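Next input, structure requested:
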Amino acid sequence: MTALALQLKRFSDRQPWLFLAVAAALWFALYQTLIPLSEALVGLLPVARDSHLGGALQFFFYDTPKVLLLLTGIVFVMGIVHTFVSPERTRAMLSGRRLGAGNVMAATLGIVTPFCSCSAVPLFIGFLQAGVPLGVTFSFLISAPMVNEVALAMLFGLFGWKVAALYLGLGLLVAIVAGLVIGELKMERHLEDWVAALQNSQGAGAVELPQLSWGERIEQGFHHVREIVGKVWPYILAGIALGAGIHGYVPEDFMASIMGKDAPWWSVPAAVAIGVPMYTNAAGIIPVVEALMGKGAALGTVLAFMMSVIALSAPEMIILRKVLKPRLIATFAGVVAAGILLVGYVFNLVL
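Numbers count the residues shown, from 1 in each chain. Model prediction:
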C-alpha cells in the first residue's frame with residue numbers, strides 16, 4: 001500500500017464523515033470541469049470542432065470521464081450499502097415467500113444486491129435450496145442485472161431523474177410480472193433433474209452480518225470500486241466509442257426514421273432482437289443509448305433495446321442452460337421479451 005493510500009485510510013478510519021464530505025466535494029468539482037476540459041482537448045487537435053470527427057471526439061472526451069466519475073461515485077456508495085445487504089441475507093429474506101408479495105420483495109431486493117451473469121447459476125441454485133419459489137427466484141434474477149445501481153445512477157446522471165425513475169418502475173414491473181407468470185405456470189418439472197433434487201434441501205437460516213466501523217465500510221466501498229470499475233471499464237470505452245461514432249457520423253434523419261416515434265411498428269421488436277445477442281452491461285450500453293436518443297430515437301425503443309441487452313443476453317441464457325431445460329429457458333425469454341416489447345410500445349405511444 002502506498003504512503004498516500006495509507007494516509008487516506010487513516011483519514012477515513014479516524015474521521016469517516018469528514019472524509020466522505022471532502023470526497024464528495026472533490027467529485028463534484030471534477031464533474032464541473034468536464035465540458036470545458038473536453039472542448040479544450042478537441043481545440044488542441046488539428047480537427048474542426050464542427051466537423052463529424054470533431055463532434056465525435058468531443059463526445060468521447062466528455063463522456064468517458066463523465067461515465068467513469070458517475071460509475072465510481074455510485075459504485076462506492078453501493079459498496080457501503082452492500083455491507084448492510086448481502087446475497088446470503090437476501091436469500092434468507094426470500095426463503096418461503098409466496099408468489100405475489102415474494103415477487104415484489106425479490107424484484108426490489110435485486111436493486112441493491114450484487115449480482116452479475118457469471119454468478120447466475122450458484123445464486124439460482126442457492127435460492128431454490130433455501131426454499132425460494134421458482135417464480136420469486138426469477139423475479140430476482142431478472143431485476144438484479146436489469147435494475148441495478150449502475151444502470152439507475154448512469155441514467156440519472158445522463159438523462160435526469162424522470163428517465164431513471166421511469167426505467168426503475170418499468171424494470172421492476174417486468175421482473176415482478178414475469179416472475180408471477182413463470183410461478184403460475186408451475187414449471188418446476190423443467191428444472192434439470194440434479195437441480196430439482198436440491199430444492200428445499202437446505203434452510204436459509206438466519207444470516208448475521210459482521211459489525212463494521214464506518215472506516216471499514218468506506219474501505220469496502222473502495223474495494224467495490226476496484227472490483228466493478230476494474231472489470232467494466234473496457235465495456236465503457238467500447239460503448240462510448242460506438243456512441244461517439246453514432247453522435248458524429250450517423251445522420252439524425254436516418255436514425256429518427258428507423259427508431260423515432262414515427263418509425264414503422266417493427267422498430268421496437270427489431271431493437272430487442274438486435275440487443276439479445278449483445279453481451280455487455282448497463283455501463284457499456286448506456287452511452288450508446290445516449291447517442292441514439294441524441295439522434296432522434298424514441299425513448300420507448302431505446303429503453304426496449306437497453307433492457308434486452310441487459311436482461312435477455314444470449315450468454316446469460318447459455319449459462320442458465322446448466323440448470324434449466326430448454327422449455328423453461330424459452331418461457332423465461334418469451335415472457336421477459338413480451339414485457340419489454342410492451343414497455344417500448346406504451347412509452348412510444350404516451351411520450
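
how about residue 42, what does it touch?
Contacts of residue 42 were listed using CB atoms under 8 Å, 6 or more residues apart in numbering, and they are 49, 54, 57-58, 61. Where you see a C-beta, it was placed from the backbone N, CA and C, and this is true even at glycine.

secondary structure class for the closest residue to residue 54 other than its chain neighbours?
Counting by CB to CB, 6 or more residues apart in numbering, residue 54 lies nearest to residue 47, which is 4.8 Å off, once chain neighbours are set aside. With DSSP: H, G, I helix; E, B strand; the rest coil as the basis, residue 47 sits in coil.

Now for residue 47: which residues touch it?
Residue 47 touches 53-54, 57, counting by CB under 8 Å, 6+ apart.

Kindly indicate the member of these with the most neighbours.
residue 57 (20 neighbours; other CB atoms under 10 Å).

Which elements pack onto the helix ranked longest in the chain?
Of all segments of type helix in the chain, defined using DSSP state H, the longest is helix 214-249. Counting contacts by 3 or more CB pairs under 8 Å, 6 or more residues apart in numbering; DSSP states H and E, helix 214-249 packs against helix 3-14, helix 16-32, helix 52-81, helix 282-294.

buried ones in stretch 224-236?
224-225, 228-229, 232-233, 235-236 (16 or more other CB atoms under 10 Å).

What are the buried residues along stretch 275-295?
275-276, 278, 280-293, 295.

circling back: would you list the contacts of residue 47 in a markdown table and tack on pLDDT and distance to residue 251?
What follows is these, written out as a markdown table (pLDDT from 0 to 100; distance: CB to CB, whole Å):
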| residue | pLDDT | distance to residue 251 |
| --- | --- | --- |
| 53 | 87 | 15 |
| 54 | 87 | 16 |
| 57 | 88 | 18 |
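
and which of the residues you listed is nearest to residue 257?
Closest approach to residue 257 among the contacts of residue 47 (CB to CB): residue 53, at 24.0 Å.

Next, the residue nearest to the closest one when sequence neighbours are not counted: phi, psi?
Once flanking residues are discounted, residue 53 sits nearest to residue 47: 5.3 Å by CB to CB, 6+ apart. Torsion angles at residue 47 (phi, psi; degrees, to the nearest 10) stand at phi -130, psi 130.

Check residue 313 too.
Torsion angles, degrees, to the nearest 10, at residue 313: phi -70, psi 140.

Let me know the distance separating the closest residue in space to residue 68 that isn't next to it in sequence from residue 344.
Spatial nearest neighbour of residue 68, excluding adjacent residues (CB to CB, 6+ apart): residue 236 at 6.7 Å. Going from residue 236 to residue 344 by CB to CB, to the nearest Å gives 25 Å.

for residue 294, same thing?
For residue 294, the distance to residue 344 equals 19 Å [CB to CB].

who's in contact with residue 277?
When contacts are counted by CB under 8 Å, 6+ apart, residue 277 touches 313-314.

how about it, secondary structure?
Assigned state for residue 277: coil (three-state reduction, three-state DSSP).

From residue 247, how far out is it?
Remark: distance between residue 277 and residue 247 (CB to CB) = 23 Å.
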